[in-house]
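Peer 1: coordinates only, no sequence provided:
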């Protein structure tokens, strides 16, 4: 099945460009970790925060080193005693002008803390603030995941906590071709799901572990911001502490199932929704092969699977069915607030 609004050649070229940043990122991380540091802090907001979230979850599987994921707006007003000039700070903004990110980086710099990160090119306001900025104009989430993983997993390699880094990084040459196959496999489902559920007045999405950030991102940044579709995002654990009472045959529930240690929480919810609503949609990363990628690395790559099928493919078909452009906003970035 042909995929609507998908430019295969451009996508693969963007993947090559993103992978080509590996050496530059590794050089930066090797320089940073050769010096003394006592913590790591990733700074995000909205979708940026959501993209850094799986990086935190993956890192926690290999280390107990202090790693923080901070909301940029909250960082401006909260106590920062856990941070210091021994902290490695990272952030990103594709546009390079996300207000909260800029403010947070300025705050860090006012404390004498260098912030490293990514933006589209040298002309952005963020590029002027970052120390040794790295430029990546490829804005899809899976490209972001790859460069963030290069950062974190290289740090863990240098700490002796992810010795399989080189094997993982070498296999990431295959990830974008594998994600094309994921898209092609999911496309018929995307068509039918969007036809069936795009006009529902209320929809629930649940996820857990390394997939929670992507679940949250899709509901908030895509369906709410870009489609004005009313949704509820909840973790598979918290689903049983409130949202379950809204489940009946009028409410679609998407269960986003992963492959990490949180999977039993997803399976518990899957059993519940299959009993209590006909409108249950189960999306399981286990159903999508990743050719050229060892099974050992599937959990790391699973957010890329979900962004390929939800943030990329399902979003396109929601737009087709709602008639609401993914580019249109009435409030976001339209005026000062």
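Peer 2: Cool, the structure landed. Bear in mind that the values here come from a model prediction, so they are computed numbers and not experimental data.
Peer 1: would you mind measuring from residue 236 to residue 147?
Peer 2: 28 Å (Cβ to Cβ, to the nearest Å). Any C-beta I mention is one placed from the backbone N, CA and C, and that applies to glycine too.
Peer 1: who's more crowded, those two?
Peer 2: Remark: of residue 236 and residue 147, residue 236 carries more neighbours, 26 against 21, as counted by other Cβ atoms under 10 Å.
Peer 1: my read: the more buried one touches residue 265, true?
Peer 2: Yes: using Cβ atoms under 8 Å, residue 236 is in contact with residue 265, at 4.0 Å.
Peer 1: now do the shared contacts for the two.
Peer 2: Common neighbours of residue 236 and residue 265, using Cβ atoms under 8 Å, 6 or more residues apart in numbering, are residue 208.
Peer 1: and the pLDDT at the residue lying closest to residue 4 once chain neighbours are set aside?
Peer 2: In space, and not counting its chain neighbours, residue 4 is closest to residue 316: 5.5 Å by Cβ to Cβ, 6 or more residues apart in numbering. Note for residue 316: predicted pLDDT of 98.
Peer 1: which residues touch the helix or strand where residue 316 lies?
Peer 2: Residue 316 is located in helix 315-322, with elements delineated by DSSP states H and E. For helix 315-322, contacts defined as Cβ under 8 Å, 6+ apart pick out 4-6, 190-191, 193-195, 198-199, 218, 222-223, 226-229, 325-326.
Peer 1: give the contact list for residue 153.
Peer 2: Residue 153 touches 58, 162, 165, 168-169, 300, counting by Cβ under 8 Å, 6+ apart.
Peer 1: tally of neighbours for residue 79?
Peer 2: Counted with other Cβ under 10 Å, residue 79 comes out at 6.
Peer 1: now do the strands in the stretch 151-300 of the chain.
Peer 2: 203-207, 231-235, 253-257, 280-284 (DSSP state E, counting those that start in this stretch).
Peer 1: tell me the mean pLDDT for the last one?
Peer 2: What that stands for is strand 280-284. 98.
Peer 1: likewise for stretch 34-54?
Peer 2: The average pLDDT within stretch 34-54 is 97.
Peer 1: now do residue 140, the pLDDT please.
Peer 2: 85.
Peer 1: does it touch residue 14 like I think?
Peer 2: Yes: using Cβ under 8 Å, residue 140 makes contact with residue 14 at a distance of 7.1 Å.
Peer 1: what backbone torsions are found at the one residue sitting closest to the centre of the chain?
Peer 2: Per Cα atoms, centre = their mean, the C-alpha nearest to the average position across the chain is that of residue 51, at 2.8 Å. Residue 51 has phi and psi values of phi -70, psi -30 when expressed as degrees, to the nearest 10.
Peer 1: show me the domain layout of the protein.
Peer 2: Structurally, the chain divides into domains by automatic domain parsing as follows: 8-163, 175-322.
Peer 1: list the contacts of residue 247.
Peer 2: Neighbouring residues of residue 247 by Cβ under 8 Å, 6+ apart: 204, 253, 272-273, 276-277.
Peer 1: again, 7 Å this time
Peer 2: By Cβ atoms under 7 Å, 6 or more residues apart in numbering, the contact list for residue 247 reads 253, 273, 276-277.
Peer 1: select from those the one having the most neighbours.
Peer 2: Highest neighbour count within those, by other Cβ under 10 Å: residue 253, with 26 neighbours.
Peer 1: bridged to that one, which residues?
Peer 2: When assigned by DSSP bridges, residue 253 has beta-bridge partners residue 204, residue 280.
Peer 1: by residue count, what's the longest helix in this structure?
Peer 2: When the chain is parsed with DSSP state H, its longest helix is helix 175-197.
Peer 1: okay, now the residue lying closest to residue 325 once chain neighbours are set aside: neighbour count?
Peer 2: Excluding the flanking residues, the one nearest residue 325 by Cβ to Cβ, 6+ apart is residue 319, at 6.6 Å. Residue 319: 21 surrounding residues under other Cβ under 10 Å.
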